[in-house]
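Undergrad: Got a predicted model here, sequence first, then my questions.
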Amino acid sequence: MSKAKSPARAAAAPPPPAAALLDQGTYGVYDLSDIRKSPTNRKRFNEVALQQLAANIKEMGVVQPILIRPVTPTTEQPEPYELVAGERRWRASGIAEVATIPAMCRTLSDKQAAEIQILENLQREDPHPLEEAEGYEQLMMNHGYNADQLADKIKKSRAYIYGRLKLCALTTEAREKFLTDEISASTALLVARIPVPALQVRALAEITATSHYQPEPMSYRSAQKHIQQRYTLDLNNANFDVDDAKLLAAAGSCAKCPKRSGNQPLIYEDIKSADVCTDPDCFSEKRAAHCAQVIVIANKTGVPVIDGEEARKIVLHGRGTEFVYENTSLFSFERNAPSTGNAGKAGDYLGKENMPKPARYLKDSSGNVTPIYDRAAVQAALEKVGACEKVAEHAARMAEIERADQAKGGTPPTAQQLMREKYEKMATRETDFRIALYRQLRQRGANGFSLESLRDFVKLMVRSNNDYAIPDDLIGDVYPFPDATDDAVCTYIDQASLPEVQLVLVDLVMGECLGVDAMDMDDLEYADQAPTWRVLTEMARHEGIDTEQERRKFELGNTPIDELPPEDFADLIRLSPERLADLTALVMADQPHNVSALQRAANANGYTWTQWQTPSPGSAWTKGDGSIVLLTEEITVQPAASADQAASVVTIEDGDYVDAGDFEQPAPETARRASKAKTQKAKPAAPALEPTTATDTITPPQTTKQVPVEAWPFPKSRN
């Protein structure tokens with residue numbers, strides 16, 4: 001085949017000036033060898049798709065012309081044209097071994113060419129976010145665009161532009177995993193926002209790690225929570241002065257640091273607080289520098305700094321202790337003033353200026369130093385600022401209340417009593433949830449806990465010197481003895497297997513965090529920091545239990561089904577599929593206005609409404625895996641009248657798990673399974689419902705209310 005020439009070379013006469021010829025664009029057929037690749041164009045192509053396109057080009061040719069621009073040839077790059085758009089067609093033409101390609105040639109500046117390339121990539125069906133980000137970066141760095149101009153150009157928000165640009169901060173390791181789709185764009189952005197490359201690598205390894213207990217990498221939600229817990233720190237809880245630029249001279253003030261969430265709100269828009277540090281290494285260094293300063297000052301002023309066993313002996317929680325923290329809850333002090341509502345912490349009322357001198361400094365194994373105060377000194381300071389009453393003032397007020405009650409002839413509940421009632425209800429609900437979560441943990445641990453869980457557990461045992469007891473008042477039903485006396489537990493352990501002994505050990509430690517006291521509800525942050533509760537949630541995470549999901553399931557499970565709003569239907573079906581039958585019966589009988597919402601929620605979880613006419617009419621929710629959710633108390637299947645089939649009416653009773661295949665003519669195994677069922681006259685079919693249609697609705701019954709089966713897909717034992 002003769003080599004075709006480009007329009008610029010085919011004419012014998014000198015070509016007209018480029019400006020006159022190419023301003024509006026010139027169409028022609030150009031030699032592939034005359035076109036150079038653009039250094040700013042996309043670099044990622046699907047090789048399989050390229051081969052398919054090449055085969056098509058070899059047979060049909062290139063249908064849509066590419067876009068090129070004239071450039072000055074150089075020794076290294078002698079080609080007179082540069083590819084602007086259509087590199088996939090250009091590459092495929094080379095694979096197809098064709099010599100020429102149709103193209104539109106236009107005179108374009110570097111800025112115009114880059115802009116066209118970016119826009120072309122965005123118009124593709126699958127532009128990779130990292131390529132998109134690199135294109136924006138080039139437009140901003142090389143061609144003078146700013147975020148507002150880009151947002152206006154591509155019709156996106158400034159937050160979208162900044163989110164994409166942040167992907168350029170990914171390390172090489174993270175980019176490779178992102179380009180190979182090992183992490184999603186949303187997860188990649190979470191990693192990119194970690195400002196320290198080494199921490200990015202560490203976080204990425206944790207997110208993508210798999211194990212027996214976690215066979216898949218973390219989901220976006222899990223990765224987000226993991227990064228927030230491990231790599232973002234609340235500056236409001238820092239033990240150092242965040243405005244002190246001299247504490248760590250290389251880092252400067254936290255208030256002006258670009259790693260503080262509030263200084264880059266468009267990048268950290270999912271972090272609600274503006275005072276979050278995203279560099280835990282820097283945070284740790286500042287904390288260590290502050291602790292070193294505190295120790296120097298303590299030594300100069302004669303305040304003891306204690307650690308080790310001596311520090312562990314000091315009790316700081318509860319009423320009547322000798323020492324307290326700055327953030328000890330106000331209710332643990334005496335005679336709180338009515339104006340305080342018995343809420344808040346001592347430091348909230350005293351501030352730095354009114355806090356007494358520290359009595360001790362506690363130094364933990366990590367080197368952190370925390371001041372503690374004499375309770376009596378803090379009590380006196382609280383009385384001085386009016387947060388607590390003095391003895392005489394309190395006695396006078398109580399006497400006045402008693403006289404007023406006697407005059408009224410009754411004793412109405414005080415604000416404190418009403419508050420306690422509120423906390424009692426909150427505590428009961430929180431206790432029930434923690435019990436439910438712990439039951440989940442016990443079930444996962446029955447066959448052996450993961451190494452991570454055991455490590456956390458052993459550390460907790462080593463560091464604690466409390467007396468433990470089995471919480472038989474809360475989970476006593478899991479043990480074969482009526483009470484948890486020492487003798488009963490020892491007798492049980494003597495004959496127990498290793499997994500059973502392991503569960504006893506975990507119960508001894510974890511049991512104390514299941515019951516929640518009403519007083520804890522005044523300070524949920526403090527309650528959540530209890531060591532056993534923190535370890536329980538960490539162990540649940542190690543064993544693959546999503547605590548937040550279990551809390552959501554628990555809340556839905558403890559909400560009466562007739563009080564659920566339609567927006568909760570999908571979550572209920574996803575987290576508790578056994579309640580779909582109850583929900584359907586309720587909606588069809590009492591809430592026909594919620595039928596469409598039910599249909600959408602069921603469809604979103606893979607269920608479709610199915611009807612059949614043979615062997616007897618019926619209807620149910622079905623799933624692609626062949627499972628079925630019956631909506632009636634029982635379903636009657638009339639076998640065909642043949643010699644090798646049962647002649648009676650077979651009833652599949654309430655609670656049985658039924659496969660869709662069971663609604664075929666009864667096979668021998670089906671007949672055997674039904675042999676235990678009672679024989680009775682066929683019942684009339686339930687009111688007919690319309691199956692799923694394009695209108696996404698089902699018709700509620702107008703007659704008999706259907707009775708739901710119980711506990712699908714957890715069948716009753718057939719033994």
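TA: Yep, that arrived. Numbering: from 1, shown residues only.
Undergrad: I'd assumed Thr547 was in contact with Ala540.
TA: Yes. Between Ala540 and Thr547 a contact is recorded at 5.3 Å, counting by CB atoms under 8 Å. The way it works is simple: take the backbone N, C-alpha and C, and place the C-beta from them, glycine included.
Undergrad: So for those two, which sits in the more crowded spot?
TA: Ala540 (20 against 17; other CB atoms under 10 Å).
Undergrad: quick check, distance from the strand or helix carrying the more buried one to the centre of its chain.
TA: Following DSSP states H and E, the helix or strand that holds Ala540 is helix 531-542. Taking the mean of its C-alpha atoms, helix 531-542 sits 17 Å from the chain's own mean (CA atoms, centre = their mean, to the nearest Å).
Undergrad: by how many degrees do the helix or strand that comes right after it and helix 531-542 diverge?
TA: Sequence-wise, the next helix or strand downstream of helix 531-542 (DSSP H and E) is helix 547-557. Between the axis of helix 547-557 and that of helix 531-542 there is an angle of 100 degrees, by axes from the mean of the first three to the mean of the last three CA atoms, to 10 degrees.
Undergrad: Show residues contacting helix 547-557.
TA: Contacts made with helix 547-557 from outside it, assessed by CB atoms under 8 Å, 6 or more residues apart in numbering, are listed as 225, 432-433, 436-437, 440, 537, 540-541, 564, 568, 571-572, 575-576, 579.
Undergrad: could you give me the average pLDDT of the helix holding Ala540?
TA: Throughout helix 531-542, pLDDT has a mean value of 83.
Undergrad: In that helix, which of the residues would be classed as buried?
TA: Thr532, Trp533, Val535, Leu536, Thr537, Glu538, Met539, Ala540, Arg541, His542 (16 or more other CB atoms under 10 Å).
Undergrad: mind checking how far the last one is from Thr584?
TA: Per CB to CB, to the nearest Å, His542 is found 37 Å from Thr584.
Undergrad: Likewise for the fourth one?
TA: Remark: distance between Leu536 and Thr584 (CB to CB) = 35 Å.
Undergrad: What lies in contact with stretch 265-280?
TA: Judged by CB under 8 Å, 6+ apart, the contacts made with stretch 265-280 from elsewhere in the structure are 158-159, 162-163, 166, 193-196, 199, 224, 228, 230-236, 238, 242, 254, 257, 259-262, 283.
Undergrad: mind redoing it with 6 Å?
TA: Judged by CB atoms under 6 Å, 6 or more residues apart in numbering, the contacts made with stretch 265-280 from elsewhere in the structure are 159, 162, 166, 193, 195-196, 231-233, 235-236, 259, 261-262, 283.
Undergrad: are any of these buried, and which?
TA: The neighbour count (16+ other CB under 10 Å) marks Tyr162, Lys166, Arg193, Pro195, Val196, Tyr231, Thr232, Leu233, Leu235, Lys259, Ser261, Phe283 as buried among those.
Undergrad: how about those in a markdown table, adding pLDDT, distance to Ile35 and secondary structure?
TA: Output for the buried ones among the contacts of stretch 265-280, formatted as a markdown table (pLDDT from 0 to 100; distance: CB to CB, whole Å; DSSP: H, G, I helix; E, B strand; the rest coil):
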| residue | pLDDT | distance to Ile35 | secondary structure |
| --- | --- | --- | --- |
| Tyr162 | 84 | 35 | helix |
| Lys166 | 86 | 34 | helix |
| Arg193 | 83 | 40 | coil |
| Pro195 | 79 | 41 | coil |
| Val196 | 80 | 43 | coil |
| Tyr231 | 79 | 47 | helix |
| Thr232 | 75 | 49 | coil |
| Leu233 | 77 | 53 | strand |
| Leu235 | 83 | 55 | helix |
| Lys259 | 84 | 45 | coil |
| Ser261 | 82 | 47 | helix |
| Phe283 | 85 | 53 | helix |
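Undergrad: May I have the phi/psi pair for Ile66?
TA: Backbone dihedrals for Ile66, given as degrees, to the nearest 10, come out at phi -80, psi 170.
Undergrad: which residues does it contact?
TA: Each residue near Ile66 by CB under 6 Å, 6+ apart is listed here: Gly86, Arg89, Trp90, Ala103.
Undergrad: Going C-terminal from the strand or helix carrying Glu310, what's the next secondary structure element?
TA: With secondary structure defined by DSSP H and E, Glu310 is part of helix 308-312. With elements assigned by DSSP H and E, the helix or strand that comes after helix 308-312 is strand 323-324.
Undergrad: which strands and helices sit next to the following helix or strand past that next one?
TA: Beyond strand 323-324 on the C-terminal side, the first helix or strand identified by DSSP H and E is helix 346-354. Packing contacts for helix 346-354, counted by 3 or more CB pairs under 6 Å, 6 or more residues apart in numbering; DSSP states H and E, involve helix 375-385.
Undergrad: so where does the residue nearest to the spatial centre of the chain fall, helix or strand?
TA: Most central residue of the chain, judged by C-alpha distance to the mean C-alpha position with CA atoms, centre = their mean, is Arg221 at 2.5 Å. Taking DSSP H and E as the definition, Arg221 sits inside helix 220-231.
Undergrad: Contacts for that helix next, please.
TA: Under the contact criterion CB under 6 Å, 6+ apart, helix 220-231 has outside partners Ser186, Thr187, Leu190, Ile194, Ala203, Ile207, Pro280.
Undergrad: Please report how far the fourth one lies from Ala288.
TA: This means Ile194. Distance, Ile194 to Ala288, by CB to CB: 20 Å.
Undergrad: Could you do the first one as well?
TA: As for Ser186, its distance to Ala288 is 34 Å (criterion: CB to CB).
Undergrad: can you name the two of the contacts of helix 547-557 that are farthest apart?
TA: Arg541 and Leu564 (27.9 Å; CB to CB).
Undergrad: So for Ile194 and Ala288, which residue has more residues nearby?
TA: Neighbours per residue, other CB under 10 Å: of Ile194 and Ala288, the larger number sits with Ile194, 26 against 16.
Undergrad: surely that one meets Val201?
TA: No. Between Ile194 and Val201 no contact is recorded; they are 9.4 Å apart, counting by CB atoms under 6 Å.
Undergrad: which SS class is Ser93?
TA: Recorded secondary structure, Ser93: helix (DSSP: H, G, I helix; E, B strand; the rest coil).
Undergrad: Quick check: closest non-adjacent residue to it.
TA: Using CB to CB, 6 or more residues apart in numbering and skipping residues adjacent in sequence, the residue nearest Ser93 is Ile101, 5.0 Å away.
Undergrad: Surely that neighbour is within a strand?
TA: Yes. Counting by three-state DSSP, Ile101 is found in a strand.
Undergrad: Per-residue pLDDT of it, please?
TA: Among the per-residue scores, Ile101 shows a pLDDT of 92.
Undergrad: try the one 10 residues further on
TA: The predicted local confidence for Lys111 comes out at a pLDDT of 81.
Undergrad: element containing it, please.
TA: Secondary structure assigned from DSSP H and E places Lys111 in helix 110-123.
Undergrad: what's that helix packed up against?
TA: Secondary-structure packing of helix 110-123 (3+ CB pairs under 6 Å, 6+ apart): strand 81-85, helix 129-143.
Undergrad: May I have the strands that pair with the shortest one, each with its orientation?
TA: Think strand 81-85. Neighbouring strands of strand 81-85 in its sheet, by DSSP bridges, are strand 35-36 (parallel), strand 66-70 (antiparallel).
Undergrad: Next, format those as TSV and append mean pLDDT.
TA: TSV is the format used below for these (pLDDT from 0 to 100):
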stretch	mean pLDDT
strand 35-36	92
strand 66-70	91
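Undergrad: Do a quick rundown of the helices in the stretch 551-700 of the chain.
TA: Shown for the stretch 551-700 of the chain, the helices assigned by DSSP state H, counting those that start in this stretch span residues 569-575, 580-590, 595-604, 668-674.
Undergrad: quick one, what contacts Glu421?
TA: Taking CB under 6 Å, 6+ apart, one finds nothing in contact with Glu421.
Undergrad: in the helix or strand harbouring it, what counts as buried?
TA: In the assignment (DSSP H and E), Glu421 maps to helix 415-445. In terms of neighbour count (16+ other CB under 10 Å), helix 415-445 has its buried residues at 419-420, 423, 426-427, 430-442, 444-445.
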